[in-house]
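**Student:** could you work out the structure for the sequence below:
(one chain, ligands or ions: 1)
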Amino acid sequence: MFISKFARLGAKACMGLSKAPVTIQSSNSSFPIVRNGYLESLSSKLFSSAASGNSQGECEEIQKISVTFLDKDGEREIKVPVGMSMLEAAHQNDIELEGACEGSLACSTCHVIVMDVEQYNKLEDPTDEENDMLDLAFGLTETSRLGCQVIAKPELDGLRLALPAATRNFAVDGYKPKPH
Ligand code: FES
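**Tutor:** Okay, the predicted model is just below:
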């Protein structure tokens, strides 16, 4: 509990750091850089040669959350970078979450069940498109979501997701139940 709160605070601090305007000093001029994506990559270059253990390196570690996937074979905890979808995270870790349409909201094969209602309530509300696909999911529950639409954020640290016993793939195979 304490570690989790600490990690969230740290992640917020890191995010605040990355959004702060930065001034680069050169031999005869200085200029501010305020773009987020660019700033992140640039600032990592700027600070990457600094001593190990600096705040940038620590931020990269903290900006991951723990997510546990449960399936018929048991459970597995992985670290997921903030901003990454659960579908991408599952694929990167060889977890059998199908994702036939690769996140384009045209299937329900990335169906996951959020095990904890409190965690479920921290998620962004599903869009109409997601709800339409969820209606087609095998074994739909009150806390079902599509894994490609669940994006890691610090508040979701400790998220537990169950994989349903089967999926229906309307988009690619034309209504073929596929057991896991
Ligand atoms: Fe098809 Fe998520 S992968 S909707």
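**Student:** what would the strand or helix carrying residue 132 look like as PDB? C-alpha coordinates only.
**Tutor:** Element membership for residue 132, per DSSP states H and E: helix 128-134. C-alpha atoms of helix 128-134 as PDB (Å, rounded to 0.1, in the frame of the first residue of the first chain):
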ATOM      1  CA  ASP A 128     -20.200   3.600 -27.400                       C
ATOM      2  CA  GLU A 129     -18.000   1.700 -29.900                       C
ATOM      3  CA  GLU A 130     -16.400  -0.300 -27.100                       C
ATOM      4  CA  ASN A 131     -19.800  -1.000 -25.500                       C
ATOM      5  CA  ASP A 132     -21.000  -2.300 -28.900                       C
ATOM      6  CA  MET A 133     -18.100  -4.700 -29.100                       C
ATOM      7  CA  LEU A 134     -18.400  -5.700 -25.500                       C
END
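**Student:** what about the strands in this structure?
**Tutor:** For the chain, the strands defined by DSSP state E occupy 22-25, 30-33, 64-71, 74-81, 111-114, 144-146, 159-162, 166-169, 176-179.
**Student:** please name the residues that touch residue 143.
**Tutor:** Neighbour list for residue 143: 113-115, 117, 120 [criterion: Cβ atoms under 8 Å, 6 or more residues apart in numbering]. Every residue, glycine included, has its C-beta placed from N, CA and C.
**Student:** mind doing that once more with 6 Å?
**Tutor:** Applying Cβ atoms under 6 Å, 6 or more residues apart in numbering to residue 143 gives the contacts 113-114, 120.
**Student:** quick check: phi and psi on it?
**Tutor:** phi -120, psi 30 (degrees, to the nearest 10).
**Student:** I'd like the contacts of residue 143 as a markdown table, with distance to the ligand, neighbour count and pLDDT appended.
**Tutor:** Below are those laid out as a markdown table (distance: Cβ to the nearest ligand atom, whole Å; neighbours: other Cβ atoms under 10 Å; pLDDT from 0 to 100):
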| residue | distance to the ligand | neighbour count | pLDDT |
| --- | --- | --- | --- |
| 113 | 14 | 19 | 96 |
| 114 | 15 | 23 | 97 |
| 120 | 17 | 17 | 97 |
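**Student:** the protein against the ligand: which residues are in contact?
**Tutor:** 87, 99-103, 105-107, 109-110, 133, 146, 148 (Cβ under 6 Å from any ligand atom).
**Student:** where does pLDDT dip in this structure?
**Tutor:** Where the chain drops to pLDDT under 70, the residues are 1-62, 166-180.
**Student:** tell me where it has helices.
**Tutor:** Ranges of helices within the chain are 2-19, 36-48, 55-62, 86-92, 117-122, 128-134, based on DSSP state H.
**Student:** quick check: residue 103 vs residue 148, distance?
**Tutor:** Per Cβ to Cβ, to the nearest Å, residue 103 is found 4 Å from residue 148.
**Student:** which residues do those two both contact?
**Tutor:** Shared contacts of residue 103 and residue 148, counting by Cβ under 6 Å, 6+ apart, come down to residue 87.
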